[in-house]
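Colleague: coords please:
(2 chains)
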Amino acid sequence: MAVTDLTAAPTPGSGAPGVLRRTVRAPQARVGLAVLALVVLAAVLGPVLSRWDPFTSDVTAFGRPPTALHWFGTDSSGRDLFVRTLVGLRTSLAVGLVAGPLSTLVAAVVGAVGGYLGGRVDRVVVWGIDLALVLPSFYLLVLLAPTAGRAGWFAVALAIALLGWMVMARLVRAQARSLRRRDFVTAARFLGVPTGAVLRRHVLPHLASLLVVDATLGVAAAVLTEATLGWVGLGLGPPAVSLGTLLAAGSASAVTRPWLFWFPAGLLVVTVLATSLVGDALRDALDPTTGTAGE
Amino acid sequence: MLRFLLRRAAGYGVLATVATALGYVLASLTLHPAARYAGRTPPVPPSVVHAELAALGVDPGVPVPARLWHWLTELVTHGSLGLSVRGVPVTAEIAARAGTSLRLLLLGSLLGALLGVAVGTWGASRQYRWPDRVTTVGSFVLLATPPFVLAVVLMTLAVRLDSAAGRTLVPFTGEYTPGLAGGWPAQLGDRAAHLLLPTLCLALGTAATWSRYQRAAMLDVLAADHVRTARSMGHTRRSALWRHGVRVALIPMSTFFAYSFGLILTGAAITELAFSWHGMGEYLVRSVVDDDVNAAAGTVLFTAVLVLLAGVLADVLHAALDPRVRT
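Modeller: Numbering: from 1, shown residues only, chains lettered A, B, ... in the order given. Purely as a prediction, here's the structure:
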């Protein structure tokens, strides 16, 4: 029974409803969640409800500012910018939702294995992380971007995830190292629980809060990275539409036709801001040291 | 302390060498130099394409390890990074562009770090009161704004200012006004004016990141026993904060500097592109667009050296702030 007590006591998963309640209680999280819900709703429903198609031109309106007919105006070939922005938002959100959690997964596996096993494996992991940190990941991403961009949004998301896990892996490794020495992990080890099961059942659940926060913030970071790659002109190419490709097309005319730049840019900033507000509130709710001082 | 620094520097050197080699391999695998010659009228004979690519050392017929070995031996024996597809030595091109990037990087990151540390300290010392709230919201908005959007915001503001003043107060395209009359004071002033917006663009983004970390580090320190002890020994709040708080909070920040440098480099590359500066960021993007393996590998090497220097600098700062690592 002593073993169950040791393993049961510090399981953080048991506080999940409390975490959710604490998160939602923070005003910044409420604002973030509400805005995020609106953004997702717009991305899902907007293109369906709009009377315009993202790829066909309205030959009566070339490069027009916003009107009642075209809410965000039209581009120089007469395509409706409202529907294009929302379709682009769909792509950007998809990239973010794949790349953010995926990079967290890589970080969790690499970091937990290195930190928990220690010894030679750990040295290889640390060396690998340091090596990957010597070159700014964005520079490597720029090299990979044309290849990934030709293959579609999923490949872009993969590339972003593969180059975005290093810092988190370091944190996970440090945590896993300290967990290794805790009583409940030692107990499980001496009871003959296989290494994989110890990692899955006892080490990773304790890192859950860290990982959830990282995945949330990773979504925001991936959306930003995709937009930046697109703006540079190296991400997805036509006919694919993302916030990045729209910004690439719009930034040249930010002065003459401001709506082509400001609508996608504004939506990008709002989406990223809302996601990071939620991620930050999650971190506060999950971090035991923060307490309730903020309320 | 010297031994500590030397050991760290040697470690960085090995890492940077391996990373550069990997960068070269990645560039060789993802870029297709032969594509430049495809679809031309009149068509370029395959033998000519082959000869041109072989002269650059990027012949796809040669296995990548052999090409890497050739590139590395050229670098070590002649200090040469090969020719770019335009026939210019990559080292010459880097020498011409490095100053542009370094000027922006140095000013932007220094200003950003100072601003970030100041704002973070200010916010932490007034936790949950209005200075903290305002700076937190501000840094979140800045962190959600990519540098190229921030650049357009700054440019739009500058245009407004200029039209209000009736003349160009803040020039922002390129590094200087071409063909400007006047002696060196006018030239210097012109360059400084051109520096203003890009530096601000980079510094604001950097400051936003730094202020968050400084705030967190500062809050940790403010709750620590030694600050309370300092207060109980009669230090004023201000003196306890500065002498015992900020210094200790800066220790983790020196490690963070090494990490965040990659971010600063990225921000600088995007800022350069946004303001049409001909720096290393632009060189990298152009090398990818041009399928220029040597130029891309040269940029990767340049970046690795910068990151290495930043790592050594972070260690020096760490050793200066924290006596425990000086053994």
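Colleague: now the chain, which segments are flagged as low pLDDT?
Modeller: All of this refers to chain A. Along chain A, segments meeting pLDDT under 70 span A:1-17, A:58-59, A:61, A:63, A:68, A:70, A:78, A:254, A:287-295.
Colleague: not what I meant, chain B
Modeller: B:1, B:326-327.
Colleague: gap between the residue nearest the centre of it and B:Glu272?
Modeller: The centroid of chain B falls nearest to B:Leu265 when counting by CA atoms, centre = their mean (2.1 Å). Distance, B:Leu265 to B:Glu272, using CB to CB, to the nearest Å: 11 Å. The way it works is simple: take the backbone N, C-alpha and C, and place the C-beta from them, glycine included.
Colleague: likewise for B:Leu197?
Modeller: In terms of CB to CB, B:Leu197 sits 12 Å off from B:Glu272.
Colleague: which one of these two is surrounded by more residues?
Modeller: Neighbours were counted for B:Leu197 and for B:Glu272 using other CB atoms under 10 Å in any protein chain shown; B:Glu272 has more, 29 against 22.
Colleague: quick check: next helix or strand after the lengthiest helix in chain B?
Modeller: Taking DSSP state H as the criterion, chain B has its longest helix at helix B:184-222. Scanning forward in sequence from helix B:184-222 by DSSP states H and E, the next helix or strand is helix B:225-232.
Colleague: about what we covered before: for the nearest residue to the residue nearest to the centre of chain B once chain neighbours are set aside, give its distance to B:Glu282.
Modeller: With CB to CB, 6 or more residues apart in numbering or on different chains as the criterion, B:Leu265 has its nearest non-adjacent residue at 4.9 Å, and that residue is A:Pro136. From A:Pro136 over to B:Glu282 the distance is 15 Å, taken as CB to CB.
Colleague: those two: who's more crowded?
Modeller: Using other CB under 10 Å as the criterion, A:Pro136 and B:Glu282 rank with A:Pro136 on top: 24 against 18.
Colleague: need phi/psi at whatever residue of the stretch 101-250 of chain B ends up closest to chain A.
Modeller: Residue of the stretch 101-250 of chain B nearest chain A, by CB to the nearest CB: B:Ala144 (3.9 Å). Torsion angles at B:Ala144 (phi, psi; degrees, to the nearest 10) stand at phi -80, psi -10.
Colleague: need the next SSE after the helix or strand containing A:Val48, C-terminal direction.
Modeller: Applying DSSP H and E as the criterion places A:Val48 in helix A:27-49. On the C-terminal side of helix A:27-49, the closest following helix or strand by DSSP H and E is helix A:81-117.
Colleague: which SSE is immediately downstream of that next one?
Modeller: As assigned by DSSP H and E, the chain's next helix or strand after helix A:81-117 is helix A:119-134.
Colleague: for the residue nearest to A:Ala222 when sequence neighbours are not counted, which residues are in contact?
Modeller: Spatial nearest neighbour of A:Ala222, chain neighbours left out: A:Ala99 (3.7 Å); criterion: CB to CB, 6+ apart. When contacts are counted by CB atoms under 8 Å, 6 or more residues apart in numbering or on different chains, A:Ala99 touches A:157-158, A:160-161, A:164, A:218-219, A:222, A:225-226.
Colleague: and the stretch 1-150 of chain B, which residues reach chain A?
Modeller: The stretch 1-150 of chain B comes close to chain A at residues B:12, B:15-16, B:18-19, B:22-23, B:26-27, B:30-31, B:127-128, B:140-141, B:143-149, as judged by CB under 8 Å from any CB of the partner chain.
Colleague: now swap in the stretch 151-300 of chain B and tell me
Modeller: B:152, B:155-156, B:159, B:259, B:261-263, B:265-266, B:269-270, B:273, B:284-285, B:288-289, B:296, B:299-300.
Colleague: give the buried subset of these as a ChimeraX selection command.
Modeller: In ChimeraX, selecting the buried portion of these, with burial taken from 16 or more other CB atoms under 10 Å in any protein chain shown, looks like this:
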select /B:152,155,259,261,262,263,265,266,269,270,273,284,285,288,296,299,300
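Colleague: report how many residues lie close to the closest residue to B:Val248 other than its chain neighbours.
Modeller: Residue nearest to B:Val248 in three dimensions, not counting chain neighbours: B:Val221, with 4.8 Å by CB to CB, 6+ apart. Per other CB under 10 Å, the neighbour tally for B:Val221 reads 21.
Colleague: please tell me I have it right and B:Val221 contacts B:Val227.
Modeller: Yes. Counting by CB atoms under 8 Å, B:Val227 is a contact partner of B:Val221 at 6.4 Å.
Colleague: so the residue nearest to A:Ala222 versus A:Val110, what's the distance?
Modeller: 16 Å.
Colleague: now do stretch A:126-140: distance from first to last residue.
Modeller: Its start and end residues considered, stretch A:126-140 measures 20 Å (CA to CA, to the nearest Å).
Colleague: same question, stretch B:74-82
Modeller: 8 Å.
Colleague: again, but for stretch A:72-92
Modeller: Length of stretch A:72-92, first residue to last, CA to CA: 18 Å.
Colleague: is chain B within reach of that stretch?
Modeller: No. If you take CB under 8 Å from any CB as the test, stretch A:72-92 misses chain B, and the best it gets is 12.0 Å.
Colleague: and that stretch, how far out from the chain middle?
Modeller: 23 Å (CA atoms, centre = their mean, to the nearest Å).
Colleague: check stretch B:173-191 too.
Modeller: Its chain's C-alpha centre and that of stretch B:173-191 lie 25 Å apart, by CA atoms, centre = their mean.
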